[in-house]
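> from the sequence below, what's the structure:
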Amino acid sequence: MSDSSSKPVAQTWFGPITAVQRRAMFALVPVAVAFGLVVGLAFLPVTSGIGGLAKVGSEAVLDLPDELVLPPAPESSTLYASDGTTVIATFGDQYRVQLEYDQIPESVIQALVATEDSNFFEHNGVDPEGVMRALVTNIADGGTSEGASTITMQYVRQVLSYTATTPDEVASASEVTIDRKVKEMGYALALEEEMSKEDILTNYLNTVYFGNGAYGIGAAAQVYYGKVPADLTVAESAMLVGLIQSPSVYDPINGSSEAALARRNHVVNRMVAVDYLTSDEGKTAKEEALNLNPQEANNTSGGAIDSDYGFFVDYFEKWWEQQEDFGESEEVRKARLYRGGYEITSTLNLELQDASQEAIEDQLKTGSEYALGSVVVEPGTGAIEVMAVNRNYSNDVSDNGPNTANDEYKGSYPNTTNPLLSGNADVNGYQAGSSFKMFTMLAALEAGMPLDTTIYSPYQYTSKYVVGDGEAACGNYWCPKNASASEVGDYNMWTGFGESVNTYFVQLAERVGVDNAIDVAERLGIKFRNQQDLGHVENNPESFGPFVLGVTQTTPLDMAAAYAALPADGVYCKPTPVTSALTNSGGLIPFASECDQAISVEVARAAVDAARCPTGYGAAEGSCTWGTAEQVGAAVDGPVAGKTGTTDSNSTNWFVGFTPNAAAAAFVADPDSPQNYVGHGNLGKPANAVADILAAQWEINGEGDFTPPSELVH
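Now for the predicted structure:
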């Protein structure tokens, strides 16, 4: 910046300048100017070495490319719902309002040029007069009290900072070195060959920081005065331009209004000095009060916080950071999201999301000590259509109140973060109970066992699996019971699945092998986040008997995606929150679903037929007795299937259900203490919620039917 007064010292001289050094510097000035190097002398300590300066400067200037097109300033990215028009979140480092040149008032342009670069319209990117003035002033002062950067050079520095993707790159964009200053000069010279003066001013004023979260004059006018730039007075324009040099020192909102006023008056004086204002006009401007009208910066950083769809947006952002096509590291990928100006179409179905949230709240209001949440995934695509939970989204730990267990992911307060629905290293999910019986049934069908495989199932069964901690024991062996003493007799897959008979499925697992059931679960995307579960799966899967009854922790997202493979004829699709992204240059990036044939078509169709029994919808090829969630079939005006899941001691309750074109998983638990009894009155609420969700889904998109199996029946 070339303001010649009140300029803060940027560097400290390492020692006094001797007469010899001073004469050497002046002797080198003509040569340095010829190579564009004198700027280095204006900024750097003499003790850096005069000979080194000349060598580095000459080589750097000569090596500069012939053409230079600077990258665009960062733009916030916008996330839309699946309709492609409704904005659900924005992502950006800064609050900015993009303006055209004719939208910027003349008073702002004049204040900027008068204060920062009075020769802007005369020079070609580097101002020799300003460089010489800075050099002489700094030598006389024994420091670097005056700079020599033109507006063009300042803009170059901004762009280099904005396009940096690491803290080191940001620092190097503004570090005080000869090489950086010389390259900055070269970039400025090349830039003025590519852009008009008006475009440079427009880009500069759209990107420069004004403090209090405002980037660009459009945002600054709103944040400080609650105005559009066109309505700014001369005095207000001068105050805003004065902030550019040091937004914190001259901050009139949170800092010193006296300092801000003095700085504003200095800018007005500069406007008078270069004949942009008459003396009388300057006097009038300086008599005007600051007249601030502070407004909140609409800062888009962390857009999920203010979104009504925060859980989905939070998941999307984490998903984006894992996409290797967007950069070699998570840091680079996030930088591109926040600065790349993408227009991204998500998979969030607003109509179904709102209906799902209403269904959740009808069962358990936000603020309940129990968390009730659901995720809906589209079969055949993996599109995440819904993420609903009876919590307010927040990624601020302080919002959630104290918790001795895990401050970030508390459940008994109304605010929480996303892992309740999608899981991560800290939140492993919740035991899924009998909804895991699906994986044993699929493994049995894969092994060639038909749906009418009949096994006598007692109330309690002593298995071949050695008992583990906390498991029902009969001697040294695990011996689970059925939910009711009346559940005794011959069962097949239709009736055993419909009534959720534990002892039937434990015996089925003994025949097919638990390791094969685990293999099916993994093919359908089930992740083992809990270290104890992971140890069983990796070290001794064939002995992990309790896996059959769902002691493994999982999430609604995993379960919805796994069950979605069934109506999709066995095709599992990795969950995705995005369908496409439009780049700021107009290029379209489609996001293809990552899908594979995880299980065979006939195995999937057979499993669907058995899964119709729990909902009361009725099997196509077999006979059901009664179902554990018949309210689902009664609510949905179309084909529906699914499975309940309840853990030991009723600490967690689940329901996972599906129609031909949607799969929904819901759970209820105490997130702070997952081992706690969830309460008898809450046991049916996941099924009730999914019943309403799938009923709404069928009204929105009631298409298709289940194809009955032609094999694996008898």
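> identify the bridge partners of residue 473.
In this entry, residue 473 is beta-bridged to residue 478, by DSSP bridges.
> so that it lines up with my notes, have the first residue be 561 from now on.
Sounds good: first residue 561 from here, last item residue 1033.
> need the pLDDT of it.
pLDDT recorded at residue 1033 is 79.
> residue ranges in the stretch 961-1110 of the chain under the pLDDT threshold?
961-978, 984-986, 1028-1031 (pLDDT under 70).
> strands along that one, start to end?
975-976, 990-991, 1015-1017, 1033-1034, 1037-1038, 1049-1051 (DSSP state E, counting those that start in this stretch).
> show me what the second one is in contact with.
Just to be clear, that refers to strand 990-991. If you take C-beta atoms under 8 Å, 6 or more residues apart in numbering as the criterion, strand 990-991 is touched by 1110-1115, 1207, 1211-1212, 1214, 1227, 1229, 1234. All C-beta spots, glycine's among them, are computed from the backbone N, C-alpha and C.
> go ahead and confirm residue 1087 touches residue 1121.
No: under the criterion of C-beta atoms under 8 Å, residue 1087 makes no contact with residue 1121, lying 10.4 Å away.
> where does this protein have low pLDDT?
561-634, 653-655, 693-708, 721-736, 738, 857-867, 954-978, 984-986, 1028-1031.
> just list the residues touching the residue lying closest to residue 674 once chain neighbours are set aside, thanks.
What sits nearest to residue 674 in space, not counting adjacent residues and going by C-beta to C-beta, 6 or more residues apart in numbering, is residue 830, at 4.2 Å. Shown in contact with residue 830 (C-beta under 8 Å, 6+ apart): 563, 671, 674-675, 678.
> which one is residue 1217 nearest to, not counting chain neighbours?
residue 1202 (2.9 Å).
> contacting residues for that neighbour?
Residue 1202 sits next to 1123, 1171, 1174-1175, 1189, 1192, 1215-1218, 1250 when contact means C-beta under 8 Å, 6+ apart.
> again, only this time at 10 Å
995, 998, 1123, 1126, 1171-1175, 1177, 1187-1189, 1192-1193, 1196, 1214-1219, 1223-1225, 1247, 1250-1251, 1254 (C-beta atoms under 10 Å, 6 or more residues apart in numbering).
> that's a strand at it, yeah?
Yes: counting by DSSP: H, G, I helix; E, B strand; the rest coil, residue 1202 is found in a strand.
> picking that back up, inside helices: which ones of the contacts of residue 1202?
The helices, defined by DSSP state H, take in 998, 1123, 1171, 1192-1193, 1247, 1250-1251, 1254 from the contacts of residue 1202.
> list the buried ones in stretch 890-897?
Across stretch 890-897, burial judged by 16 or more other C-beta atoms under 10 Å covers 893-897.
> the closest residue to residue 1143 other than its chain neighbours and residue 896, how far apart?
Take residue 1143 and drop its neighbours on the chain: the residue closest to it by C-beta to C-beta, 6+ apart is residue 902, 6.2 Å away. Residue 902 sits 8 Å away from residue 896, going by C-beta to C-beta, to the nearest Å.
> try residue 776
With C-beta to C-beta as the criterion, residue 776 and residue 896 are 20 Å apart.
> could you say which helix or strand holds the residue nearest to residue 674?
Per DSSP states H and E, residue 830 falls inside helix 817-833.
> can you give me the buried ones in that helix?
For helix 817-833, by 16+ other C-beta under 10 Å, it's 819-821, 823-832.
> return the distance of that helix from the chain's centre.
42 Å (C-alpha atoms, centre = their mean, to the nearest Å).
> show the subsequent helix or strand relative to that helix.
Once the chain leaves helix 817-833, the next helix or strand it forms, by DSSP H and E, is helix 839-847.
> and that following helix, what does it pack against?
helix 794-803, helix 817-833 (3 or more C-beta pairs under 10 Å, 6 or more residues apart in numbering; DSSP states H and E).
> quick check: next helix or strand after that helix?
Counting by DSSP H and E, the next helix or strand C-terminal to helix 839-847 is helix 870-881.
> ok, the nearest residue to residue 1064 once chain neighbours are set aside to residue 1011 distance?
Excluding the flanking residues, the one nearest residue 1064 by C-beta to C-beta, 6+ apart is residue 1056, at 3.7 Å. Using C-beta to C-beta, one gets 10 Å for the distance from residue 1056 to residue 1011.
> between those two, who's got more neighbours?
Just comparing residue 1056 and residue 1011: by other C-beta atoms under 10 Å the higher neighbour count belongs to residue 1056, 27 against 23.
> quick one: that one and residue 1016 touch, right?
No: counting by C-beta atoms under 10 Å, residue 1056 does not reach residue 1016; the two are 11.2 Å apart.
> looks like the residue nearest to residue 1143 contacts residue 1146 (just checking).
No: Residue 902 is beyond contact range of residue 1146, at 11.5 Å (criterion: C-beta under 10 Å).
> which one's more surrounded, these two?
For residue 902 versus residue 1146, the count of surrounding residues by other C-beta under 10 Å is larger for residue 902: 23 against 7.
> residues in contact with the more buried one?
Here residue 902 is in contact with 635-639, 651, 880, 886, 896, 1138, 1140-1144, 1149 (C-beta under 10 Å, 6+ apart).
> which ones among those residues lie within helices?
Secondary structure defined by DSSP H assigns 880, 896 of those to helices.
> out of the contacts of residue 902, which is most surrounded?
residue 639 (29 neighbours).
> identify the bridge partners of that residue.
Beta-bridge pairing of residue 639 under DSSP bridges involves residue 649, residue 904.
> can I get the buried residues of helix 817-833 in TSV including distance to residue 1040?
Shown next, in TSV, are the buried residues of helix 817-833 (distance: C-beta to C-beta, whole Å):
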residue	distance to residue 1040
819	74
820	73
821	78
823	76
824	78
825	83
826	81
827	80
828	84
829	86
830	84
831	85
832	89
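> of those residues, closest to residue 645?
Nearest to residue 645 among the buried residues of helix 817-833 is residue 820, at 41.6 Å by C-beta to C-beta.
> would you mind giving the secondary structure of the nearest residue to that closest one once chain neighbours are set aside?
Nearest residue to residue 820, sequence neighbours excluded (C-beta to C-beta, 6+ apart): residue 812, at 3.6 Å. Classification of residue 812 by three-state DSSP places it in coil.
> stretch 1145-1162: how far from the chain's middle?
Chain-centre distance of stretch 1145-1162: 21 Å, with C-alpha atoms, centre = their mean.
> relative to residue 1113, how far out is the closest residue to residue 991 other than its chain neighbours?
Nearest residue to residue 991 in three dimensions, chain neighbours excluded: residue 1207, at 4.4 Å (C-beta to C-beta, 6+ apart). From residue 1207 across to residue 1113, the span is 10 Å (C-beta to C-beta).
> got it, and residue 871?
Going from residue 871 to residue 1113 by C-beta to C-beta gives 19 Å.
> more neighbours: these two, which one.
Using other C-beta under 10 Å as the criterion, residue 871 and residue 1113 rank with residue 871 on top: 27 against 21.
> how many neighbours does the residue lying closest to the more buried one once chain neighbours are set aside have?
Distances taken as C-beta to C-beta, 6+ apart put residue 947 closest to residue 871, at 4.4 Å, once the chain neighbours are dropped. Residues near residue 947, counting by other C-beta under 10 Å, number 30.
> which residues does stretch 1032-1040 contact?
Identification of contacts with stretch 1032-1040 by C-beta under 10 Å, 6+ apart yields 1018, 1020-1028, 1031, 1041, 1062-1063, 1065-1066, 1103, 1105-1106, 1108-1109, 1208.
> now, which of the contacts of strand 990-991 lie within helices?
Using DSSP H, none of the contacts of strand 990-991 sit in helices.
> tell me which two of those sit farthest apart.
So, those by C-beta to C-beta: farthest apart are 1115 and 1211, at 16.0 Å.
> what residues are up against residue 1054?
Neighbouring residues of residue 1054 by C-beta under 10 Å, 6+ apart: 1011-1012, 1169-1173, 1178-1179, 1181-1185, 1273.
> now swap in residue 1141 and tell me
The contact partners of residue 1141, by C-beta under 10 Å, 6+ apart, come to 637, 639, 880, 886, 897, 900, 902-906, 1147-1151.
> can you rerun that using 6 Å?
902, 904, 1149 (C-beta atoms under 6 Å, 6 or more residues apart in numbering).
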